[in-house]
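J.: need a structure here:
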Amino acid sequence: MSLFYDVEVKKNCYQVLVVPNITYQKDIDKDSFVKFFSDIVREIGKIRDDLIWHVPLTSYSSLLNLPNVKQYQLELPTYPNSMRGHFDYNAWSRIVNWKHKDFDFVYSHLPEWTVNISNFLANATHFGKIPIVGYCHWTETKEFAKYAKTYFPYNMMGTLEMSSCGLNTETQIGNILNEAETYFNTETLNKLKSIMTAQYIGVNESDISDDICREPEKVIVFNHRPQAYRNYPMFLSAIRKLREKRQDFTVWCSLADKKDEDYFDIEGVDSKQEYYEKLHRCSFGVLCGNRWAISAQDGMIQGLPYLYQSSDENRELFSELGAECGKFYNEDQLVDLMDRYLTDVDYRNQYAEETLYHVKHNMAWSNRIKTHNKMIDKAIGELKSVTDRSQSVKKILTFIDRHGKVSKNEIMKFIGWGVGIDFSPYRQYLRNHPSVELEWDGQMEYYVAV
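T.: Residues are numbered from 1 along each chain as shown. Now for the predicted structure:
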């Protein structure tokens, strides 16, 4: 019998059509969607064994080489904005293959495509209007997208097709809703607000350090992109002021391609493990700008405390930690904090211990996955079923009982249905009928008499 993560597979699995958001085709396993989604599949698989994920990708992913994931080839433009505007009806027809496959709900990571997906499934297949939930990695608000024309309205229209859509933070949701006021009335804005939920990204428990480094090296970490949106110019100015007070430290800018000062370290590392080990040995990290950075989580899982610039989003993420001691409002405060953390190791270690405790008890995927799983349950709860009064379902039950094991295509041929009939309500009835089991063999699903 097949296993999902050492959990016995149950029959009657839900078949999930995934809409990807692929922005890095050069190495698919380094694409942010693939890394995020592989975490979701792995963590969801630890608490439930009833999902089969069907994932179109531009190339094969070893991260998604999992027993309950089926990969499909999908050619896409490499430029992210071109990708967001691209929808290949013929390619999706081949992937969905509606005459031979069933899908119970859609899990979309690209709202810009979701209207097309919803329209395609409802009007060109017999799935009808099945539930759609998802997650949005990137929304082209004016804050981030400075170019003339954006996909923001398309993103919002796709979000409206979902019953629930996860985003990084409540702050992000608030900013999106503020911008959406330009396009939508109050009723639609309220609907968007009810759909969008904060689903914080978790960290792998295997990556979390057992303890903090109690004798750290005097190294200040800036492991974010050295760009204006990360307020790097202020950080650089603060570092130069600190250098006037003391010269016993270095700065590690892990993503910089040039040294702004000779005491900067911009050397990369060969592996994720080496990256974590180097972060573990450092004194503290600095997060400037008004937006949370996943890169800060990389340090926090190693017990690295972060000094963070006060902003709505940073407060939202760090307030869970209760770390007022790391907050700064301006450049001079940052200089003073950095000076104190380099001088008072006991003070630094206390914050480091609080950071690591918070990571283990709040930021680990075992905790974060709960909101994602709740969204899956919501999609399943929206599935509709025909009733016992249906004459067609009685014929289907007799057909299954007579043959013992049949595919969906065989049922459709027997009953004589085409694209005009929504099969999903019949599927949900059969799933819950005591004399039928849905059996997945890795390639095909069957309705089996029991």
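J.: got the residue ranges for the helices in the stretch 151-300 of the chain?
T.: Here the stretch 151-300 of the chain has its helices, by DSSP state H, counting those that start in this stretch, at 152-160, 170-180, 186-195, 232-245, 272-281, 294-300.
J.: can you list the ones you listed in CSV and add mean neighbour count?
T.: Every C-beta, even on glycine, is put in place using the N, C-alpha and C of the backbone. Shown next, in CSV, are the helices of the stretch 151-300 of the chain (neighbours: other C-beta atoms under 10 Å):
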stretch, mean neighbour count
helix 152-160, 20
helix 170-180, 18
helix 186-195, 13
helix 232-245, 17
helix 272-281, 16
helix 294-300, 21
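J.: Show the low-confidence segments of the stretch 201-350 of the chain, by residue range.
T.: For the stretch 201-350 of the chain, the stretches with pLDDT under 70 are 320, 322-323.
J.: check contacts around the spatially closest residue to Glu331 that is not a sequence neighbour.
T.: The spatial neighbour of Glu331 that comes closest, neighbours along the chain excluded (C-beta to C-beta, 6 or more residues apart in numbering), is Ala238 at 4.9 Å. Contacts for Ala238 (C-beta atoms under 8 Å, 6 or more residues apart in numbering) come out as Glu331, Leu334, Val335, Met338.
J.: any idea how far Ala238 lies from Val335?
T.: 5 Å (C-beta to C-beta, to the nearest Å).
J.: Now find how far off-centre whatever helix or strand Ser93 lives in is within its chain.
T.: Secondary structure assignment for Ser93, by DSSP states H and E: helix 89-96. Offset of helix 89-96 from its chain centre (C-alpha atoms, centre = their mean, to the nearest Å): 24 Å.
J.: For that helix, buried residues please.
T.: Buried residues in helix 89-96, counted by 16 or more other C-beta atoms under 10 Å: Ala91, Trp92, Ile95, Val96.
J.: out of the residues you listed, which one sits closest to His54?
T.: Nearest to His54 among the buried residues of helix 89-96: Ile95, at 7.4 Å, using C-beta to C-beta.
J.: Spatially nearest residue to the closest one (excluding sequence neighbours)?
T.: Among residues not flanking Ile95 along the chain, Tyr72 sits closest, at 4.8 Å (C-beta to C-beta, 6+ apart).
J.: Surely the one you found is in contact with Pro56?
T.: Yes. Counting by C-beta atoms under 8 Å, Tyr72 does reach Pro56; the two are 4.6 Å apart.
J.: can you list residues touching both of these two?
T.: Common neighbours of Tyr72 and Pro56, using C-beta under 8 Å, 6+ apart, are Ile95.
J.: so where's the stretch 51-200 of the chain shaky on pLDDT?
T.: Looking at the stretch 51-200 of the chain by pLDDT under 70, you get 146-148.
J.: Please report how far the closest residue to Phe414 other than its chain neighbours lies from Ser82.
T.: For Phe414, ignoring the flanking residues on the chain, the nearest one in space by C-beta to C-beta, 6+ apart is Phe399 at 5.2 Å. From Phe399 over to Ser82 the distance is 47 Å, taken as C-beta to C-beta.
J.: Counting neighbours, go ahead and name the busier of those two.
T.: Phe399 (16 against 10; other C-beta atoms under 10 Å).
J.: Identify each buried residue in whichever strand or helix holds that one, please.
T.: In this structure, Phe399 sits in helix 391-403 according to DSSP H and E. Across helix 391-403, burial judged by 16+ other C-beta under 10 Å covers Val393, Ile396, Leu397, Phe399, Ile400.
J.: Kindly report the same for stretch 97-117.
T.: Buried residues in stretch 97-117 (16+ other C-beta under 10 Å): 98, 101-117.
J.: Which of those fall in strands?
T.: Those of the buried residues of stretch 97-117 mapping onto strands are Phe105, Val106, Tyr107, Ser108, per DSSP state E.
J.: ok so, going back, ok, the residue nearest to Phe414 - contacts?
T.: Counted by C-beta under 8 Å, 6+ apart, Phe399 has contacts Val406, Ile411, Phe414, Ile415.
J.: Buried only: go through these for me.
T.: Val406, Ile411, Phe414.
J.: got the angle for the helix or strand hosting the last one vs helix 391-403?
T.: Under the criterion of DSSP H and E, Phe414 resides in helix 408-415. Using axes from the mean of the first three to the mean of the last three C-alpha atoms, to 10 degrees, the interaxial angle of helix 408-415 with respect to helix 391-403 works out to 120 degrees.
J.: any low-confidence regions in the stretch 351-450 of the chain?
T.: Judged by pLDDT under 70, no stretch of the stretch 351-450 of the chain qualifies at all.
J.: I'd like the next helix or strand past whatever helix or strand Leu342 lives in.
T.: Leu342 is part of helix 331-343 when elements are defined by DSSP H and E. Where DSSP H and E defines the elements, the next helix or strand beyond helix 331-343 is helix 345-358.
J.: So what does Val448 look like in phi/psi?
T.: Val448 has phi and psi values of phi -120, psi 130 when expressed as degrees, to the nearest 10.
J.: beta partners for it?
T.: Bridge pairing for Val448 (DSSP bridges) gives the partners Lys405, Glu437.
J.: what separates it from Ser163, distance-wise?
T.: The span separating Val448 from Ser163 equals 30 Å under the rule C-beta to C-beta.
J.: Tyr306 now?
T.: On the measure of C-beta to C-beta, Tyr306 and Ser163 end up 35 Å apart.
J.: Can you pick out the residue with more neighbours from the two?
T.: A direct count of neighbours by other C-beta under 10 Å for Tyr306 and Ser163 places Tyr306 higher, at 24 against 16.
J.: How about the contacts made by the more buried one?
T.: Going by C-beta under 8 Å, 6+ apart, Tyr306 touches Phe284, Gly285, Val286, Leu287, Ala296, Gly299, Met300, Phe318, Gly326, Thr355.
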